[in-house]
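[1] Attaching a predicted model along with its sequence, questions to come.
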Amino acid sequence: MIRLTLVKEAAYFAISAHGSQTYDGYPYYYHLEEVVDILREFGYTEDKYVVAGYLHDTLEDTSVSYNDIKELFGEEIAEIVYCVTDELGRNRKERKAKTYPKIASNKNAIIVKLADRIANMRNSFLKGHKMSGMYLKEYTGFRSALDITETDHEHWTLDALWLELDGMYQKFLDKK
């Protein structure tokens, strides 16, 4: 059997898994491509980021299981996708309170989540959606929960992603 690249397999898998779902009137793939484009824009071009970018909503929004992702794309990617998947809760606030610690426990998941949030904020602010108000309202909690302090000597930097989000947040606060 001939295999495609891991990235192409993830893209095709995600398109199939999301089926007829839409994002703001577009096929769901539109949002997935936005997230992947942002990852690449900020220098996160390794396969693990791009693959997780395509798959980031599959556990939350489709019938795909953790084991499906683990079997096809490996445990590291399955863990990233699991960490960015919302936990169950009675409302958004409760879901996020349960999910943020999970994201914060995995640096790769933080990167993917920040790219997802940038994509969501760019889309909702550009189009003036009601979601933009929600993102603004929860930004302080989002930032404090996910802005980890580096304690190791790896060459990780989230500064550019946070600067982008902080700038967007400030820009839209100024407009209010």
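    Cool, got the structure.

[2] least trustworthy helix or strand in the protein by mean pLDDT?
    Least confident helix or strand, the chain: helix 159-175 with a mean of 87, by mean pLDDT, DSSP states H and E.

[3] and it, which residues are buried?
    Judged by neighbour count (16 or more other Cβ atoms under 10 Å), helix 159-175 contains these buried residues: Leu161, Glu164, Leu165, Met168, Tyr169, Phe172. For the C-beta atoms, the positions are set from N, CA and C on the backbone; glycine is no exception.

[4] likewise stretch 57-65?
    Asp57, Thr58, Leu59, Asp61, Thr62, Val64.

[5] re the thing from before, farthest pair in the buried residues of helix 159-175?
    Of all pairs drawn from the buried residues of helix 159-175, the widest gap by Cβ to Cβ lies between Leu161 and Phe172 and measures 17.2 Å.

[6] Hmm, Val35 is touching Val51, no?
    No - proximity of Val35 to Val51 does not meet the contact threshold set by Cβ atoms under 8 Å, at 11.5 Å.

[7] mind checking how far the longest helix anywhere in the chain is from the chain centre?
    Longest helix of the chain, by residue count under DSSP state H: helix 107-126. Mean C-alpha position of helix 107-126 versus that of the full chain (Cα atoms, centre = their mean, to the nearest Å) differs by 5 Å.

[8] what residue ranges in this structure score low on pLDDT?
    Scanning the chain with the threshold set as pLDDT under 70 gives 1-4, 149-157, 176.

[9] So which residues of the chain form helices?
    Going by DSSP H, the chain shows helices at 6-18, 29-41, 47-55, 58-61, 66-73, 75-84, 92-104, 107-126, 131-146, 159-175.

[10] Based on its surroundings, how many neighbours for Gly19?
    Other residues lying near Gly19 total 11 when counted by other Cβ atoms under 10 Å.

[11] For it, which non-adjacent residue is closest in space?
    Nearest residue to Gly19 in three dimensions, chain neighbours excluded: Thr62, at 7.6 Å (Cβ to Cβ, 6 or more residues apart in numbering).

[12] With Tyr44 instead?
    Ile111 (5.7 Å).

[13] same deal with Ala14?
    Tyr54 (4.4 Å).

[14] ok, now which ones touch that neighbour?
    When contacts are counted by Cβ atoms under 8 Å, 6 or more residues apart in numbering, Tyr54 touches Val7, Ala10, Ala11, Phe13, Ala14, Leu32, Val35, Val36.

[15] What of Ala97?
    Taking Cβ under 8 Å, 6+ apart, we find Ala97 in contact with Gly89.
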